[in-house]
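> Predicted model and sequence follow; I will ask about them next.
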Amino acid sequence: MFEDAKEQLAKMIAGEVVLSDDPGQTLRKWREIFGISQTDLAHHLSISPSVVSDYEGGRRKSPGSSTIRKVVENLIEIDISRGGKIIHSFSHRFAKEVISDVVLDLKEFLVPIPPKRLIDAVQGDILVNEEYLSKEIHGYTVIDSIKAILNLNSEEFLKLYGLSSERALIFTKVSTGRSPMIAIKVQGIIPSMVVLHGAKKVDEIAVQLAELQKIPLILSPIETLEDLLNGLRSI
């Protein structure tokens with residue numbers, strides 16, 4: 001997922017620069033978004049800071065495609081060396097653009113949290129596999145389960161995992177929980193936790209699928225979607 005976000009961001013930046021009426025200013029905008037100084041960028045490009053300044057100020061001929069590619073690659077690589085903060089932030093946008101009708105909320109935690117903290121946020125009851133609640137949670141995705149089952153193809157369903165499978169998939173508008181658990185089994189990628197919201201009683205097949213895949217299955221009794229989201233956003 002991280003690689004997908006990196007590639008999409010690189011293409012977006014390069015395309016914006018090429019199509020811009022002022023490529024230098026557009027390069028400057030993105031350098032500043034990444035929080036990279038002219039000196040630091042110049043060092044990674046093995047050129048003088050004055051050259052970067054001249055490009056951005058329009059004092060040099062607009063950079064060609066090969067120069068733009070090198071600049072974008074280095075912006076991305078510097079961000080990765082610093083923890084990938086900018087790539088992470090834009091990955092949320094990309095995921096939501098692709099499956100905006102399905103994803104109700106998506107978050108990556110800057111610091112992974114213990115499972116209990118998320119369970120408390122959704123006031124959850126652990127239905128099965130409490131013994132597998134040892135992995136820290138790196139993020140969560142809140143999903144409209146009806147739209148996900150009806151509208152997502154296999155590739156799009158994978159985008160629900162955001163940047164890491166070590167996350168909670170939280171399915172809303174659930175009647176029995178069977179369909180989400182079947183979809184997860186078909187994909188073969190195991191999240192750290194599955195939360196079901198909206199079900200009064202969870203189907204035995206859903207429980208069995210969770211047991212087979214060693215996925216902690218949580219039932220949230222919170223009445224409204226708004227209260228569920230508020231609880232999660234308080235983390």
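Great, that's in hand. Residues are numbered from 1 along each chain as shown.
> So the residue nearest the centre of the chain versus residue 69, what's the distance?
Taking Cα atoms, centre = their mean, the centroid of the chain lies closest to residue 162, which sits 3.4 Å from it. Going from residue 162 to residue 69 by Cβ to Cβ, to the nearest Å gives 27 Å. (C-beta placed from N, C-alpha, C; glycine too.)
> what's the answer for residue 61, then?
17 Å.
> quick one, which of these two is more surrounded?
residue 69 (14 against 9; other Cβ atoms under 10 Å).
> I'd like to know which elements the helix or strand harbouring that one is packed against.
With elements taken from DSSP states H and E, the one containing residue 69 is helix 65-81. Judged by 3 or more Cβ pairs under 8 Å, 6 or more residues apart in numbering; DSSP states H and E, the packing partners of helix 65-81 are helix 2-19, helix 23-33, helix 38-45, helix 85-98.
> try it again with 10 Å
helix 2-19, helix 23-33, helix 38-45, helix 49-57, helix 85-98 (3 or more Cβ pairs under 10 Å, 6 or more residues apart in numbering; DSSP states H and E).
> any chance of those in JSON lines, with mean pLDDT, mean neighbour count and distance to residue 186 too?
Output for the helices and strands packed on helix 65-81, formatted as JSON lines (pLDDT from 0 to 100; neighbours: other Cβ atoms under 10 Å; distance: least, Cβ to Cβ, whole Å):
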{"stretch": "helix 2-19", "mean pLDDT": "81", "mean neighbour count": "16", "distance to residue 186": "20"}
{"stretch": "helix 23-33", "mean pLDDT": "91", "mean neighbour count": "18", "distance to residue 186": "38"}
{"stretch": "helix 38-45", "mean pLDDT": "96", "mean neighbour count": "16", "distance to residue 186": "43"}
{"stretch": "helix 49-57", "mean pLDDT": "93", "mean neighbour count": "17", "distance to residue 186": "49"}
{"stretch": "helix 85-98", "mean pLDDT": "68", "mean neighbour count": "17", "distance to residue 186": "19"}
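> possible to save those as a markdown table with distance to residue 141?
Shown next, in a markdown table, are those (distance: least, Cβ to Cβ, whole Å):
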| stretch | distance to residue 141 |
| --- | --- |
| helix 2-19 | 14 |
| helix 23-33 | 25 |
| helix 38-45 | 34 |
| helix 49-57 | 38 |
| helix 85-98 | 8 |
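> just so I know, which of the ones you listed lies nearest residue 219?
Taking Cβ to Cβ, helix 85-98 is the member of the helices and strands packed on helix 65-81 nearest to residue 219, at 25.5 Å.
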